[in-house]
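Chemist: The following comprises the amino acid sequence and a computationally predicted model.
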Amino acid sequence: MMNLPYDEQLRLKEKKVRILLDKYCKVSPIIGMKNPYHYRNKVQAAFGTTRSGMIISGVYQSNSHRIVMVDDCLLEDKKADEIIVTIRKMLKSFKIRPYDEDKDFGILRHVLVKRGFTSGEIMVVLVSATPKFPSLKNFVKVLLQKHPEITTVILNVNPYDTNLVLGPTEKILHGTGTIEDTLCGKVFRISAKSFYQINPVQTEVLYNKAIELAGLDGTQTVIDAYCGIGTIGLVAADKAKKVIGVELNSDAVHDAISNCKRNKIQNARFYCGDAGEFMQGMAQEGEKADVLFMDPPRAGSDERFLESAVKLSPKTIVYISCNPETQARDLKYLTKHGYKVKAIQPVDMFPHTAHVETVVLLSQRRPDTHIDIKFDLSELDITSAETKATYQEIKDYVLDKHGLKVSSLYISQVKAKCGIIERENYNKGKEGHRVPQCPKEKEDAIMDALQHFKMI
């Protein structure tokens, strides 16, 4: 969207969220980014060869496997782009060919670079189609000479015909295999496969807003579903009584547990598993949660997860989404099952793209408390209204003014709607018979008569 001024981009994104979500609650003005450039802390490049034999690296053209050459990008971290270009130039001298998926020939498929914006630590992941990578030690040695700021290098092996960048096995070639970064005052360990928000500056804005909306005061049990490496849960832990994180990716859970220890947090626990099944189990065991943070992938949550959330019945749900279309679908389910949307906050996590992140606060419709009111029936003149007009007088009035014939049953039904107490059997038909309901036209005429006789 770089053809548009940034203010116009924000206006269009906010409009998109309003169109999708405004029916649930008034949408707050979008929060933009002060410096919306070079914000991506994760950069990955595909490698290939042109027909003339030139080695290229970059991104896939939309809906294709054609690589568009990229040397630098206004969205990506500058240092990450520099490292990828260096690796591309090194391939020829080391006689390393990029992988050709059509011919199933070659070695290097992708390069992934992650950088901690606060720590400055840099991870480089070489994704190979085969574990046999010629002169690998020398290759890494030269790379580190050219970029001594790199703190860890990993070889990831992905031999499969797949759209996934990373394969199942990896080998640490330099450093610890992880980097660290600081977010909202907490230090997080990041591995090659774990998810970490790509725009840390706006992530702090997003998470602080989510925790603010949750209204944490130190008494709540919090569930962090789709917890990843524990970012939301650990940031929330300072203001919660207890945090439970659930994530299906075992590598991410391992990082979350390490992050918990690294930050010396005592009131958080992380579990590997399906979040929906985990919450179902909690509900069956009679356990309760006060707040549910959910940050699902772009596809949103499936109905099974939402059903589990409703069954567990937290008082508050904070739904973070990178796709307002699927969020709108999920909100439809939640609002039909006992929840009301209280706030919607868009945040521009991805400047110069069409994507927008939203934080939505939902709370239970049913009240947490009830009020007992005592009154003496003798203080109410509940029969006085009936003495102002007989049923026959009401019938005559309706016939004269509106030209309609109404029955005593219809009159009693309308009087009951107005809170005028009738004898027990006025509104009841014979046993087994369906009681006809007063038509709208006749109901309006009877209401007019009750007003005429000052009974309502």
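Modeler: Nice, thanks for sending it over.

Chemist: from here on, contacts and neighbour counts on C-alpha atoms
Modeler: OK.

Chemist: Would you map the helices across the stretch 251-400 of the chain?
Modeler: Assigned by DSSP state H, counting those that start in this stretch, the stretch 251-400 of the chain shows helices spanning 275-284, 303-312, 324-336, 391-402.

Chemist: Compare these and give me the one nearest D224.
Modeler: Evaluated over these, closeness to D224 peaks at helix 275-284, with 9.0 Å, by CA to CA.

Chemist: you'd agree E204 is up against L183?
Modeler: Yes - with contact defined as CA atoms under 8 Å, E204 and L183 form a contacting pair (6.5 Å).

Chemist: Spatially nearest residue to A46 (excluding sequence neighbours)?
Modeler: Closest residue in space to A46, ignoring its immediate chain neighbours: H110 at 4.5 Å, by CA to CA, 6 or more residues apart in numbering.

Chemist: before we move on, what about R66?
Modeler: Using CA to CA, 6+ apart, the closest residue to R66 is Y60 (5.5 Å).

Chemist: if I pick the one you found, what's in contact with it?
Modeler: By CA atoms under 8 Å, 6 or more residues apart in numbering, the contact list for Y60 reads A46, R66, I67, V68.

Chemist: one more time with 7 Å
Modeler: Counting by CA atoms under 7 Å, 6 or more residues apart in numbering, Y60 touches R66, I67, V68.

Chemist: Show me what the residue nearest to A46 is bridged to.
Modeler: Judged by DSSP bridges, the bridge partners of H110 are A46, V127.

Chemist: distance of it from N156?
Modeler: 10 Å (CA to CA, to the nearest Å).

Chemist: Please identify every residue contacting each of the two.
Modeler: Here H110 and N156 have L126, V127 as joint contacts, going by CA under 7 Å, 6+ apart.

Chemist: any idea how far the closest residue in space to D161 that isn't next to it in sequence lies from A45?
Modeler: With sequence-adjacent residues excluded and distances taken as CA to CA, 6+ apart, D161 is closest to E101, at 7.7 Å. In this view, E101 and A45 are 15 Å apart by CA to CA.

Chemist: Ok, F188 next?
Modeler: 24 Å.

Chemist: And I420, by the same measure?
Modeler: Noted for I420: a distance of 75 Å to A45, by CA to CA.

Chemist: Pick out whichever of those two has more residues nearby.
Modeler: A side-by-side neighbour count of I420 and A45, using other CA atoms under 10 Å, places A45 first with 23 against 17.

Chemist: Skip the chain neighbours and tell me the closest residue to that one.
Modeler: Counting by CA to CA, 6+ apart, the residue nearest A45 is G58, at 4.8 Å.

Chemist: Quick check: what element follows the helix or strand containing the one you found along the chain?
Modeler: Per DSSP states H and E: G58 is located in strand 55-60. Going down the chain from strand 55-60, the next helix or strand is strand 67-69, by DSSP H and E.

Chemist: which residues sit against that following strand?
Modeler: Residues from elsewhere that reach strand 67-69 (CA under 7 Å, 6+ apart): I56, S57, G58, V59, Y60, Q61.

Chemist: in its sheet, what does it sit against?
Modeler: Strand 67-69 pairs in its sheet with strand 55-60 (antiparallel), by DSSP bridges.

Chemist: Write the PyMOL selection for whichever of the contacts of strand 67-69 are buried.
Modeler: This is the PyMOL syntax for the buried subset of the contacts of strand 67-69, where burial follows 16 or more other CA atoms under 10 Å:
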select buried, resi 56+57+58+59
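
Chemist: any idea which of the contacts of strand 67-69 is closest to T221?
Modeler: V59 (42.7 Å).

Chemist: And the pLDDT for that closest one?
Modeler: Looking at V59, its pLDDT reads 94.

Chemist: Relative to Y271, how far out is it?
Modeler: Distance of V59 to Y271, computed by CA to CA: 35 Å.

Chemist: follow-up on the earlier one: can you tell me which of the contacts of Y60 lies nearest to P131?
Modeler: Taking CA to CA as the measure, P131 lies nearest I67 of these, at 23.7 Å.

Chemist: So in terms of bridging, what pairs with the closest one?
Modeler: Beta-bridge partners for I67, by DSSP bridges, are Y60.

Chemist: got it, and K186?
Modeler: Residues in beta-bridge contact with K186 (DSSP bridges): L183.

Chemist: Distance check, K23 against K332.
Modeler: Distance, K23 to K332, using CA to CA: 10 Å.

Chemist: Between these two, which has more neighbouring residues?
Modeler: Each of K23 and K332 has its neighbours counted (other CA under 10 Å); K332 has more, 14 against 11.

Chemist: What's the separation between the more buried one and T326?
Modeler: From K332 across to T326, the span is 10 Å (CA to CA).

Chemist: just E170 next, same as before
Modeler: Counting by CA to CA, the gap from E170 to T326 is 34 Å.

Chemist: likewise A354?
Modeler: For A354, the distance to T326 equals 15 Å [CA to CA].

Chemist: what do you get for L155?
Modeler: L155 sits 36 Å away from T326, taking CA to CA as the criterion.

Chemist: And for K261, the neighbour number?
Modeler: K261: 12 surrounding residues under other CA under 10 Å.

Chemist: actually F350, sorry about that
Modeler: Neighbour count for F350, taken as other CA under 10 Å: 21.

Chemist: can you pull the contacts of the nearest residue to it once chain neighbours are set aside?
Modeler: Of all residues not flanking F350 in the chain, V356 sits nearest, at 6.5 Å (CA to CA, 6+ apart). The contact partners of V356, by CA under 7 Å, 6+ apart, come to K13, C322, N323, P346, V347, D348, M349, F350.

Chemist: and the strand or helix carrying the first one, which residues are buried?
Modeler: Here K13 sits within helix 6-21, counting by DSSP H and E. By neighbour count with 16+ other CA under 10 Å, helix 6-21 contains the buried residues Y6, Q9, L10, K13, E14, K15, K16, V17, R18, L21.
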